[in-house]
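> model this:
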Amino acid sequence: MKLKFTKMHGAGNDFVVIDAISQRIDFTPEQWKALADRRFGVGADQMLVVEKPQSPGVDFRYRIYNADGGEVEQCGNGARAFVRFVTEKGLTKKQAIKVETMSGIIEPTLEADGGITVDMGAPILEPERVPFDAGGLQGRQMHQDLLWPLDVNGGTRWISVASMGNPHAVQVVDDVEAAPVHQEGPLIERHARFPKRVNAGFMQILDRHAVKLRVYERGAGETLACGTGACAAVVAGIRRGLLDSPVRVATRGGDLLIAWQGEGRPVMMTGPAVTVFEGEIDI
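Numbers count the residues shown, from 1 in each chain. Predicted coordinates for the structure are as follows:
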């Protein structure tokens with residue numbers, strides 16, 4: 001079949017966005033993986049699918065497939081691309097929309113200056129709901145957070161665990177550019193204590209309102225930016241007493257602004273979303 005698509009990115013985290021309202025989409029994991037291939041396909045970190053809603057009071061359904069072909073619960077940078085796409089395609093005239101995902105409802109808003117803010121919902125902080133197996137571990141209290149020891153590559157890494165609809169393990173490092181992202185990221189991603197795998201975040205604190213961040217994403221490897229990873233990192237930093245909201249998160253692909261007012265409150269993420277090109281491919 002011929003598939004029409006739009007190539008987009010949010011701070012360098014790139015996507016193939018597909019309108020599944022006007023065309024029928026029923027792909028296997030192998031087909032999603034082929035579409036994401038940067039040499040034989042279009043190339044993307046994730047594929048984003050726009051569908052009709054299944055719940056009342058919601059504007060769209062949003063499905064996400066990683067570059068390895070697996071479907072996942074959430075993608076923050078993709079949420080911004082999503083609202084840019086449905087606006088540019090004339091699928092909605094609203095500035096703010098409600099979108100159902102595998103992990104719940106999110107609310108992206110197109111701002112007057114062209115930026116996009118997404119209400120990402122409240123973070124999940126209970127280890128068993130992330131999910132993270134903390135059985136037998138002795139945590140370390142740090143301000144409002146409980147850090148967990150994780151055996152990685154013959155050493156112990158102290159991590160915060162949180163879910164932004166998808167699981168995250170965040171550690172603070174002295175120099176994010178020197179951090180062993182490609183050596184330890186895959187080990188953390190598939191660590192036995194994370195039954196659904198995990199996104200591994202490496203965060204460097206610059207000051208109380210600024211950090212640098214690299215994320216080794218579950219099913220995609222290191223990406224130039226990770227929106228949910230930025231949210232999880234800021235939540236961890238605030239809970240550890242290291243950061244104050246709002247926080248500017250510098251990624252390799254650009255900056256994101258994250259605001260969070262504390263437990264039980266939603267995380268607000270603001271950043272760019274850009275259309276790169278449109279095309280058609282035989283699948």
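> point out where the stretch 1-150 of the chain drops to low pLDDT.
Within the stretch 1-150 of the chain, no stretch has pLDDT under 70.
> and stretch 103-121, how far out from the chain middle?
How far stretch 103-121 lies from its chain's middle: 13 Å, per CA atoms, centre = their mean, to the nearest Å.
> for stretch 206-216, that is, sorry about that
15 Å.
> what residues sit buried inside that stretch?
By 16 or more other CB atoms under 10 Å, the buried positions in stretch 206-216 come out as Val211, Lys212, Leu213, Arg214, Val215, Tyr216. C-beta: built from backbone N, CA, C; applies to glycine.
> name the nearest of those relative to Pro195.
Closest approach to Pro195 among these (CB to CB): Tyr216, at 17.9 Å.
> quick one on the thing from earlier: so of the buried residues of stretch 206-216, which ones are in strands?
Taking DSSP state E as the definition of strands, the buried residues of stretch 206-216 contribute Val211, Lys212, Leu213, Arg214, Val215, Tyr216.
> which of those residues lies closest to Gly10?
Val215 (13.2 Å).
> need the contact list for the closest one.
Asn199, Ala200, Gly201, Phe202, Glu222, Thr223, Ala225, Cys226, Gly229, Thr251 (CB atoms under 8 Å, 6 or more residues apart in numbering).
> among those, name the ones in strands.
Counting by DSSP E, these contribute Asn199, Ala200, Gly201, Phe202, Glu222, Thr223, Thr251 to strands.
> and Phe132, that one's in a strand?
No. Secondary structure of Phe132 (DSSP: H, G, I helix; E, B strand; the rest coil): coil, not part of a strand.
> among the ones in strands among the contacts of Val215, which two are most distant?
Using CB to CB, those span at most 14.3 Å, a distance reached by Ala200 and Thr251.
> quick one: which of those two has more around it?
Neighbour count, other CB atoms under 10 Å: between Ala200 and Thr251, Ala200 has more, with 31 against 26.
> any idea how far Glu73 is from the more buried one?
17 Å (CB to CB, to the nearest Å).
> then Met120?
12 Å.
> got any residues that touch both of these two?
Joint contacts of Met120 and Glu73 (CB under 8 Å, 6+ apart) are Gly165.
> more neighbours: these two, which one.
Each of Met120 and Glu73 has its neighbours counted (other CB under 10 Å); Met120 has more, 27 against 17.
> could you find the closest non-adjacent residue to the more buried one?
Spatial nearest neighbour of Met120, excluding adjacent residues (CB to CB, 6 or more residues apart in numbering): Val267 at 4.5 Å.
> burial measure for the one you found, as a count.
Neighbour number of Val267 under other CB under 10 Å is 25.
> Gly76 contacts Cys231, correct?
Yes. Under the contact definition of CB atoms under 8 Å, Gly76 touches Cys231, with a separation of 6.2 Å.
> overlap in contacts of these two?
Contacts common to Gly76 and Cys231, judged by CB under 8 Å, 6+ apart, are Met120, Met164, Met269.
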